[in-house]
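Peer 1: Compute the structure for the input listed below.
(one chain, ligands or ions: 1)
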Amino acid sequence: MTQIADAPVHAGSLPQSRHLATAVPGPRSRALHAERRAEVSDGFGTVLPVFVESADGGILQDVDGNRLIDLASGIAVTSVGAANARVRERVTAQLERFTHTCFMVTEYDSFTQVCRWLNEHTPGDFEKRTALFSTGAEAVENAVKIARSATGRPHVLVFDEAYHGRSLLTMAMTAKDNPYRLNFGPLPREVVRAASANPLRPSVTGAVAGAGAAGEAGAARDAKVAGEEIAARALASVEATLAEHGAETFAAMVIEPIQGEGGFIVPAPGFLAGLRRIADEHGIVLVIDEIQAGMGRTGTLFASEHEGVAGDITLSAKALAGGLPLSAVTGRAELMNAVHAGGLGGTYAGNPLACEAALAVFEEFEDGTLLARAREIEAIAREVLEPLTRQTAVVAEVRGRGAMLALEFAEPGTLAPRPDLAAAISKACHAQGVLTLTCGTHGNVIRLLPPLVIGAELLRDGLDVLRAAVLEAAGADTAR
Ligand code: PMP
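Peer 2: Next comes the predicted model:
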């Protein structure tokens, strides 16, 4: 049995156990939610309308006294915990000094320190520079600005099942229409979409050569051959898409090393390396969007390390600053410096409180414990969840890396997506005090993003609730 050393990394006072004092959501949350509906735009959705009073380690405590197990981390943000002591200390000290100067007006050293750490730790053995912003979408937009400025080319290549944000350019780069793009057009025509290499649902299909060897070793070999073929076919399709528009007109190709909102899709082996090769061949800037998968989530500091691939530009956000808004574009010095002075920036870009929080996060990652924990979380989750693929026919796959894991639900045999099951199972988890999120182009995936500081016992409790909910929903489904 896999063990996480159960002395929690966090040192907070919130009890690290699930507790239901009322139904979820409870009466106070319901009342606050009704008020919210009267004041806040309905354009904002809510996964679970509970109002949080405090959070720490793997627990969110709501205003009704319920303690929920956090398997979401505020969408991959609070990896070091939502009340991390180092973050609190550094941010509090900064709060007492000053909150803001605007880095474009007068400077502060923490901005430089964050840039230095990212220059040293992002993949790629070349001289780098970094620019800081506030949100992930801003980082993506600025990467495109930088690539255009450096190459003088208009087009941006993105991929099936991609997610890059909700701003006007990044929503065009995002693949899913509803809810992200619906009614928000027109979209810029310079964004061109190519095939991705989803091993379960390849964009480009065809017979797989070499399949059919017998036995378990044969099955593993088949899977490897199939994966390589999926990558090869997708790469050929990428080349064709580039050729159709003129490869020499592309400034950048932007890819997530694991597609997040699209369904926690780990690309078929060789796909990222193939994109690296194609980008080099055509002088296209390879931008790796590590906004969800980066900063230790997958057991390495950056998810592209698993593939041995370095982007010309690497994007960070979310977990970078432990919950404070900070994003970063880190890339080859000659690209990052190709922009004219004054061409990059923003009033809040690299806010000093957020920079201090990032420096605290870097300290948390220094000794490797959190990276090891991400890998241990994967081992525990696989041990609990993988048997479901044999016990029920509706779990098509358990996949992911480190503490970025997902279950995909589909009709046995046909692989027709079952978003209804993902929604029902997630709802059942919420009622039991376990916060899960769904994702996927078809909405049929439950994703797990626990804080890396979650204790083993709490994690197992949450996973057991999830497993029971899956078995119950699958049983009810069989009885239909
Ligand atoms: N890129 C990726 C891969 C993301 O997952 C997200 C957020 N889900 C973004 C970009 C956009 O980040 P933000 O919401 O901070 O703008």
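Peer 1: C-terminal to the helix or strand hosting Leu275, what's the next element?
Peer 2: Taking DSSP states H and E as the definition, Leu275 sits inside helix 271-282. For helix 271-282, the succeeding helix or strand toward the C-terminus, using DSSP H and E, is strand 285-289.
Peer 1: for that next one, packing partners?
Peer 2: Here strand 285-289 touches helix 136-151, strand 250-255, helix 271-282, strand 313-316, going by 3 or more CB pairs under 8 Å, 6 or more residues apart in numbering; DSSP states H and E. No exception for glycine: its C-beta is placed from N, CA and C like everyone else's.
Peer 1: what's the closest of those to Pro412?
Peer 2: Closest approach to Pro412 among these is made by helix 271-282 (27.3 Å; CB to CB).
Peer 1: Not counting sequence-adjacent ones, nearest residue to Gly299?
Peer 2: Among residues not flanking Gly299 along the chain, Gly402 sits closest, at 3.5 Å (CB to CB, 6 or more residues apart in numbering).
Peer 1: Please give me every residue in contact with the closest residue to the ligand within the chain.
Peer 2: Residue nearest to the ligand within the chain (CB to the nearest ligand atom): Gly136, separated by 2.1 Å. Gly136 makes contacts with His164, Gly165, Ile291, Leu315, Ala317, Lys318, Ser327, as judged by CB atoms under 8 Å, 6 or more residues apart in numbering.
Peer 1: Which positions in stretch 82-90 come out as buried?
Peer 2: Burial within stretch 82-90, assessed by neighbour count using 16 or more other CB atoms under 10 Å, is assigned to Ala82, Ala83, Asn84, Ala85, Arg86, Val87, Arg90.
Peer 1: Tell me the helices and strands packed up against the helix or strand where Ala423 lies.
Peer 2: Following DSSP H and E, one finds Ala423 within helix 419-431. With contacts defined as 3+ CB pairs under 8 Å, 6+ apart, helix 419-431 has these neighbours: strand 404-409, strand 437-439, strand 445-448, helix 456-478.
Peer 1: Mean pLDDT lowest where, among the ones you listed?
Peer 2: Looking at the helices and strands packed on helix 419-431, the lowest mean pLDDT belongs to helix 456-478 (a mean of 93).
Peer 1: Let me know which of the helices and strands packed on strand 285-289 is the nearest to Asp62.
Peer 2: When the helices and strands packed on strand 285-289 are compared by CB to CB, helix 136-151 sits nearest Asp62, at 26.7 Å.
Peer 1: Report the angle between that closest one and strand 250-255.
Peer 2: Helix 136-151 and strand 250-255 are oriented at 150 degrees to each other (axes from the mean of the first three to the mean of the last three CA atoms, to 10 degrees).
Peer 1: Any idea how far helix 136-151 is from the middle of the chain?
Peer 2: How far helix 136-151 lies from its chain's middle: 19 Å, per CA atoms, centre = their mean, to the nearest Å.
Peer 1: And stretch 184-192, by the same measure?
Peer 2: The answer for stretch 184-192 is 24 Å, by CA atoms, centre = their mean.
Peer 1: Now the terminal residues of it, how far apart.
Peer 2: Its first and final residues considered, stretch 184-192 spans 18 Å by CA to CA, to the nearest Å.
Peer 1: Next, the buried residues of it.
Peer 2: Glu190, Val191, Val192.
Peer 1: Only the C-alpha atoms, please, for stretch 109-129, written as CSV.
Peer 2: The C-alpha trace of stretch 109-129 is given here as CSV (Å, rounded to 0.1, in the frame of the first residue of the first chain):
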residue,chain,number,x,y,z
ASP,A,109,13.5,43.4,-6.3
SER,A,110,11.0,40.6,-5.6
PHE,A,111,9.8,41.0,-9.3
THR,A,112,13.4,40.3,-10.5
GLN,A,113,13.8,37.4,-8.0
VAL,A,114,10.7,35.7,-9.3
CYS,A,115,12.0,36.1,-12.9
ARG,A,116,15.4,34.7,-11.9
TRP,A,117,13.9,31.6,-10.4
LEU,A,118,11.7,31.0,-13.5
ASN,A,119,14.7,31.6,-15.8
GLU,A,120,16.7,29.0,-13.8
HIS,A,121,13.9,26.3,-13.4
THR,A,122,11.9,26.3,-16.6
PRO,A,123,12.9,23.7,-19.1
GLY,A,124,15.5,24.8,-21.7
ASP,A,125,19.3,25.2,-21.4
PHE,A,126,19.5,28.6,-22.9
GLU,A,127,19.6,32.2,-21.8
LYS,A,128,16.1,33.4,-20.7
ARG,A,129,14.1,36.4,-19.7
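Peer 1: On the three-state scheme, the closest residue to Pro49 other than its chain neighbours is what?
Peer 2: Closest residue to Pro49 apart from its sequence neighbours, by CB to CB, 6+ apart: His33 at 4.3 Å. The three-state assignment at His33 reads helix, by DSSP: H, G, I helix; E, B strand; the rest coil.
Peer 1: same thing with the one 10 residues further on?
Peer 2: Secondary structure, three-state DSSP: Gly43 is coil.
Peer 1: Please name the nearest non-neighbouring residue to Pro412.
Peer 2: In space, and not counting its chain neighbours, Pro412 is closest to Ala393: 3.6 Å by CB to CB, 6+ apart.
Peer 1: pLDDT weak spots in this protein?
Peer 2: 1-11, 206-221, 478-480 (pLDDT under 70).
Peer 1: you'd agree Ala119 is up against Lys128?
Peer 2: No Ala there; residue 119 is Asn. Yes: between Asn119 and Lys128 there is a contact under CB atoms under 8 Å: 4.1 Å.
Peer 1: shared neighbours, the two?
Peer 2: With CB under 8 Å, 6+ apart, Asn119 and Lys128 have common neighbours Thr330.
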